[in-house]
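Engineer: Requesting a structural model of the entry that follows:
(4 chains)
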There are 2 protein chains.
Amino acid sequence: MRGLVKVFKALSDESRLRVLNLILERECCVCEVMQALEISQSKASRILSTLHDVGFLKLHKDGLWSLYSVDSDGMDAYLKEILTATRTALRNNRQMETDRERLKTAIRTGPGCVNRNAKVSVRRLSTSRKPMETTDES
Amino acid sequence: MRGLVKVFKALSDESRLRVLNLILERECCVCEVMQALEISQSKASRILSTLHDVGFLKLHKDGLWSLYSVDSDGMDAYLKEILTATRTALRNNRQMETDRERLKTAIRTGPGCVNRNAKVSVRRLSTSRKPMETTDES
DNA sequence: TGCATAAATGCAGGTTTATGCATATATGCT
DNA sequence: AGCATATATGCATAAACCTGCATTTATGCA
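Structural biologist: Next up, the predicted model:
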């Protein structure tokens, strides 16, 4: 019961749905998610860990990267059913399409992909810290 | 999109799931729900209205009673799919079973069924105001 | 018209949640 | 060892949420 509530809570947030939509497309690392959705690194990380917690995603660490993907095998039957329903709900949605589109251009490495760290405490200005823009209906 | 988020939010609460479980069994009025789940009248009313808002329930007013039932006809396809998934998730759950059981003994009328109103401001003591007891896992 | 019953709602409070910022941790490379 | 990169996390704060209490609204009946 409590588990089910947690699952629905995980799905009851726009950003988390957008992330799930991405991972449904293909395996992603944190920095790809943050790029595709233009959200902060900490936000991307937390969202992925939330979706992992409730059992939708599996995590495969590869060197520096945390690779998240849909855990089709380990998922309980009822989780699978909920995920399928969610997928259909996301299918014909403008926002979700453009997110998937943007994912194609996301890169796994490169200068300034993730956080310019504290060490270099000057020049904290251009690193994608926009508040999220509002979106349309489903 | 926003609509989908609202749907999942509606499902991300134990009490609301319990109410939905009841209505999946059969049409209910507010006072039956509050009896079966031992929750306050205002809580029952609000929960039902939430589930109605997102499109799971339809409301049929009959005299004093507000009768809520699953809106199998008016529901969008994606909503139906989500509801089906939820139903399976609720199926084999102790709490949900006993709730359905208690629903059988709920009555639609009788002394003290709902709120003893302000007029009679003495004797506000015995009218089922327990906080909800904790429950088990799914 | 007056009273009783069923449901809905305004308000207040306490709790939970989402998120940015700063920092910590983990890994790899030279 | 030292530095760079990728991810995770503690803390603080603002917003959202849940719920009880009191009251209002709506309906039916005598």
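Engineer: Quick check, central residue of chain A?
Structural biologist: Centrality entry for chain A: nearest residue to the mean C-alpha point is A:Val19, 2.8 Å, by C-alpha atoms, centre = their mean.
Engineer: which non-adjacent residue is nearest that one?
Structural biologist: Closest residue to A:Val19 apart from its sequence neighbours, by C-beta to C-beta, 6 or more residues apart in numbering or on different chains: A:Ile47 at 4.9 Å. For every residue, glycine as well, the C-beta is placed using N, CA and C.
Engineer: likewise A:Arg102?
Structural biologist: Leaving aside its chain neighbours, A:Arg102 sits nearest to A:Ala36 (4.6 Å; criterion: C-beta to C-beta, 6+ apart).
Engineer: my guess is A:Glu81 contacts B:Thr88, does it?
Structural biologist: Yes: under the criterion of C-beta atoms under 8 Å, A:Glu81 makes contact with B:Thr88 at 5.8 Å.
Engineer: Looking at those two, which one has more neighbours?
Structural biologist: Taking other C-beta atoms under 10 Å in any protein chain shown, A:Glu81 and B:Thr88 do not tie; A:Glu81 has more neighbours (19 against 12).
Engineer: That one belongs to a helix, doesn't it?
Structural biologist: Yes: membership of A:Glu81 in a helix is supported by DSSP: H, G, I helix; E, B strand; the rest coil.
Engineer: residues contacting the closest residue in space to it that isn't next to it in sequence?
Structural biologist: In space, and not counting its chain neighbours, A:Glu81 is closest to B:Ala85: 4.1 Å by C-beta to C-beta, 6+ apart. By C-beta atoms under 8 Å, 6 or more residues apart in numbering or on different chains, the contact list for B:Ala85 reads A:78, A:81-82, A:84-85.
Engineer: what does A:Glu32 give?
Structural biologist: Applying C-beta under 8 Å, 6+ apart to A:Glu32 gives the contacts A:22, A:103, A:106-108.
Engineer: returning to what we had before: give me the element the residue nearest to the centre of chain A is part of.
Structural biologist: Here A:Val19, judged by DSSP states H and E, is contained in helix A:14-25.
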